[in-house]
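> pasting the structure only:
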């Protein structure tokens, strides 16, 4: 289960009252695991050409494409339907972080070409944050979408990532049987060391917090070496070794998604340390949503929109990017039993907004009620200049 799967589930559940035809570009073989619930009404297609032919046959009024790559593919399907394209994150800036690792901008070049096509072709676009919305509006203005015919049209709306509890009963209920001291306080870093993780701040925060709280241990999940082509994990472990912390770090590797509930409930606090870069500022953070969903407090760095929302609920859950001293101080504050009541209230208020809240999808429902076609501005400059000259000089 990854960010794209979670986004798809959110849209399927949030829009089910509209009774859409749901199509997944995937192999049905990937869903044979008997542990997963069977969702009725979903059709699987392994070839995009088959989906293209199906849409040509069905002639839908609306085509909703969820996630970036699917939106790119659907932008190439001809038809007079209204196009609703979802941009689940800002891939050009995700790829910027990847390109820094590779010291090569070719990936960024390719993804920008795809994003341009989505923005040109979509009548309505959904983003995961307000910052991303404004970023897309800016891109629209230089791609011919800011002409007078589009004035007053809401071309981009925010649909934040949210969680669905419908399938919670399918999670494994058994503990993971981890060999960790019972009296330890467990800090959870959920997910791999991707290119926007600040691994140096993470280990420095843990080291400083542990000085005051010797029972603190750090649990990691996800891939180890060569994650996303970077050396963040290796750098993290090197610093951990130098600080004599290896005995307090437990790396579980990849875990079955159905074990994630047991793992989160096993821990005492989650931690998210992001670099202060555009990806962090524009993107979402599913790992935060996942931990809060199962009532685990999270100390996160202030970059993503979700971190700003959490700060409004309780400022002790958020720290400045790169400030390991502030993070360590707040780790120990959040683990203090005297502060549990206020933290539980913040989690409750968070989940009241982001858990099973179909109204987050209202921007799409509103567009479907009152649709419009986005006009693409094309000025033929030579003809435009000729007309101006004719008027000015009476030619």
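Alright, I've got the coordinates. Note that this is a predicted model, so its numbers are computed, not measured.
> From residue 124, how far out is residue 72?
16 Å (Cβ to Cβ, to the nearest Å). The way it works is simple: take the backbone N, C-alpha and C, and place the C-beta from them, glycine included.
> So between those two, which is more surrounded?
Using other Cβ atoms under 10 Å, the more surrounded residue of residue 72 and residue 124 is residue 124, with 25 against 21.
> quick one: contacts for that one?
Contacts for residue 124 (Cβ atoms under 8 Å, 6 or more residues apart in numbering) come out as 82, 83, 84, 85, 154, 155, 156, 157, 364, 367, 371, 374.
> now residue 181
Neighbouring residues of residue 181 by Cβ under 8 Å, 6+ apart: 215, 217.
> before we move on, what about residue 210?
Counting by Cβ under 8 Å, 6+ apart, residue 210 touches 216, 245, 248.
> ok, how many other residues are close to residue 98?
Neighbours of residue 98 under the rule other Cβ under 10 Å: 22.
> Might one say that it is in contact with residue 229?
Yes: Residue 98 is within contact range of residue 229, at 6.9 Å (criterion: Cβ atoms under 8 Å).
> low-scoring stretches of this structure, by residue?
1, 30-39, 225-227, 379-384, 386, 389, 394-395 (pLDDT under 70).
> Filter the contacts of residue 124 down to the buried ones, PyMOL style.
Listed next is the PyMOL selection for buried residues among those, using 16 or more other Cβ atoms under 10 Å:
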select buried, resi 82+83+84+85+155+156+157+364+367+374
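> The stretch 251-395 of the chain: helices as residue ranges?
260-266, 278-282, 286-293, 305-313, 324-335, 340-354, 362-369, 381-393 (DSSP state H, counting those that start in this stretch).
> For residue 176, find the nearest of the ones you listed.
Closest to residue 176 of the helices of the stretch 251-395 of the chain is helix 260-266 (Cβ to Cβ; 5.7 Å).
> how about the closest one: buried residues?
For helix 260-266, a neighbour-count test (16+ other Cβ under 10 Å) marks 260, 261, 262, 263, 264, 266 as buried.
> residues contacting the fourth one?
So that's residue 263. Taking Cβ under 8 Å, 6+ apart, we find residue 263 in contact with 176, 188, 190, 219, 221, 252, 255.
> Is the last one in contact with residue 221, as I believe?
Yes: counting by Cβ under 8 Å, a contact exists between residue 255 and residue 221, whose distance comes to 5.6 Å.
> Tell me which of these two has more neighbours.
Each of residue 255 and residue 221 has its neighbours counted (other Cβ under 10 Å); residue 221 has more, 19 against 14.
> For that one, which residues are in contact?
By Cβ under 8 Å, 6+ apart, the contact set of residue 221 is 188, 189, 190, 191, 192, 251, 252, 253, 254, 255, 263.
> quick one: it and residue 334, what's the gap?
20 Å.
> related to what we said a few turns ago, for the contacts of residue 210, pick the one with the most neighbours.
Neighbour counts for the contacts of residue 210, by other Cβ under 10 Å, peak at residue 216, which reaches 22 neighbours.
> Give me the spatial nearest neighbour of it, chain neighbours excluded.
Spatially, and ignoring its direct neighbours in sequence, residue 216 is nearest to residue 210 (4.6 Å; Cβ to Cβ, 6 or more residues apart in numbering).
> Then residue 364?
For residue 364, the closest residue by Cβ to Cβ, 6+ apart turns out to be residue 84, at 6.1 Å.
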